[in-house]
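>>> Just need the structure, nothing else, for what follows:
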Amino acid sequence: MTVRPPSSEGLSPQAWKTIGVVILAPFMTQMDSTIVNVSLSSIREDLHSTIASAQWIISGYLLALALMLPLNAWLVDRFGAKRLYLFCFSAFTLASGLCGAARTMPELVGARVIQGVAGGLLSPLTQLMMARVAGQQMARVLGYASAPVLLAPLLGPPLAGAILKFASWPWLFYVNLPVGMLAVVLAAVILPHDEASIRKRPFDLAGFLLLSPGLCCFLYGFEQLSHRKLSWLTALGLLLMGAFVWLARRRKEQALVEIGLFRIRTFAAAAITQFLSNGILYGGQLLIPLYLISGAGLSPARAGWILASMGIGMLCTYPTMGKVTDRFGCRAVASGGVLLNLVGTLAFLWSCLHAFSLPLVLAGLVIRGVGQGMTGIPSLAAAYAAVPKPKLNVAATAINLVQRIGGPLMTTAVAIVISLAWSDRSAPAAQAFFFPFLAFLGLQALAFLSAIRLPKRIQP
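Take a look at the predicted model:
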């Protein structure tokens, strides 16, 4: 592979305007998800629903999102990125109003499914439009763009608390309306037209009927394993996705998701790194709070403030990632980030065997936040730089599918290890988390082996 020096050319004002508009989508969807997650119990009580029914407010959204994600590349080819972005953002905003107007749990779940259908396309669309204008500067753009999006999970809980204190739960969704309408207007005015890139390729109906239901069955069925429930949906999902891979290899560029992209060494290495990095992020969001509350005996409120330190580490890292990646190279930054994540996890491994140390845990979380930011951005930028510009929409779909699978898959795997560790009631509560954290270190070691396969530098 030929190594080329990074370009020193800056981005045009129009490019920065485009980036500023498209990051409103992930910010709004992240904020919405955070608000809903922390307010689930209040919504359930007000609608007089069971916990199992209320859980579909989240599960219905995630499954609808997974169902639509494989369609992204074909829809972009058929209608153009700008038109699709405007439609999806409008649909997401309208669905927010429907959520607020719901008066029964089935109505609310139905509106959340509509949100998931729109939200499933917004994430790859955002990455696609940034990749189109950023070029070789993708790491720099991702660094700046990720910082405000990361604020959403930090702002969501206090905003939800304030809304529920002074108003009823429908306003948790109505707050999206003015933001959504403003974003749609800005997108209509600022985003560049891309009608020239529209091409009417045939729709892979067989591929859609295999991949989308297969993805939903697998994610839902695998999630049931964390509750020690064997589900035939897991096997069905694997069967359907395996059949899709076989079909896609035959159809090549006409497939719903072009499997041939994974034959590109850099793209494959970046995709695996993204898969593992996402798994580490979401797996840690399950494991570390459980340890702090059940293992260290902290209150949920205190644990929440401690966990915010990881977000601080990520916020401090993201804006510098472009310059750091340009100077040291993609491979060094991403693999160094995984090692930092691993070092931060060692603090918890030590605390499981010894006394809980607040300074040590805080330092470990900040280090993990820095490492997470260093891993995700360079590997994602490398994935987009590895494919020709006409295939960016296909790459966006493929990389988002990998990311979408990595999070719940690794979270469930961590939950299974925790469940097995807790079966030994003779061990103290803190020590019961030793083997889950040890398994977590093994996952980070795999991520390191993947990250060192990235190219030294991102190529144009």
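
>>> quick one: secondary structure of F173?
At F173 the chain is in helix, as set by DSSP: H, G, I helix; E, B strand; the rest coil.

>>> Let me know whether it touches C99 as I believe.
Yes: at 4.0 Å, F173 counts as touching C99 under the criterion of Cβ atoms under 8 Å. Backbone N, C-alpha and C define where each C-beta goes, glycine included.

>>> Report the set of residues contacting both of these two.
Common contact partners of F173 and C99 (Cβ atoms under 8 Å, 6 or more residues apart in numbering): none.

>>> Please enumerate the helices of the stretch 351-460 of the chain.
358-385, 392-422, 434-451 (DSSP state H, counting those that start in this stretch).

>>> could you dump those to JSON lines with distance to G180 and mean pLDDT?
Below are those laid out as JSON lines (distance: least, Cβ to Cβ, whole Å; pLDDT from 0 to 100):
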{"stretch": "helix 358-385", "distance to G180": "26", "mean pLDDT": "88"}
{"stretch": "helix 392-422", "distance to G180": "21", "mean pLDDT": "78"}
{"stretch": "helix 434-451", "distance to G180": "36", "mean pLDDT": "89"}
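
>>> So which of these is nearest V185?
V185 lies closest to helix 392-422 among the helices of the stretch 351-460 of the chain, at 24.4 Å (Cβ to Cβ).

>>> what angle do the closest one and helix 434-451 make?
160 degrees (axes from the mean of the first three to the mean of the last three Cα atoms, to 10 degrees).

>>> before we move on, the earlier item: right, so the helices of the stretch 351-460 of the chain: which one is the most enclosed?
helix 358-385 (a mean of 25; mean count of other Cβ atoms under 10 Å).

>>> now the angle from it to helix 392-422?
150 degrees.

>>> counting contacts, what elements does helix 358-385 pack onto?
helix 105-134, helix 138-166, helix 265-290, helix 300-317, helix 321-328, helix 330-353, helix 392-422, helix 434-451 (3 or more Cβ pairs under 8 Å, 6 or more residues apart in numbering; DSSP states H and E).

>>> Could you give me the buried positions within the fifth one?
Going by neighbour count (16 or more other Cβ atoms under 10 Å), the buried part of helix 321-328 is 321-322, 324-326.

>>> Ok, the third one next?
Within helix 265-290, the residues that qualify as buried are 266-290, counting by 16+ other Cβ under 10 Å.

>>> got the angle between that helix and helix 300-317?
Using the same axes, to 10 degrees: helix 265-290 against helix 300-317 is 150 degrees.

>>> tilt between helix 265-290 and helix 138-166?
30 degrees.

>>> just the shortest one next, same as before
What separates the directions of helix 321-328 and helix 138-166 is an angle of 150 degrees, with the same axes, to 10 degrees.

>>> What is helix 321-328 packed up against?
Counting by 3+ Cβ pairs under 8 Å, 6+ apart, helix 321-328 packs on helix 138-166, helix 330-353, helix 358-385.
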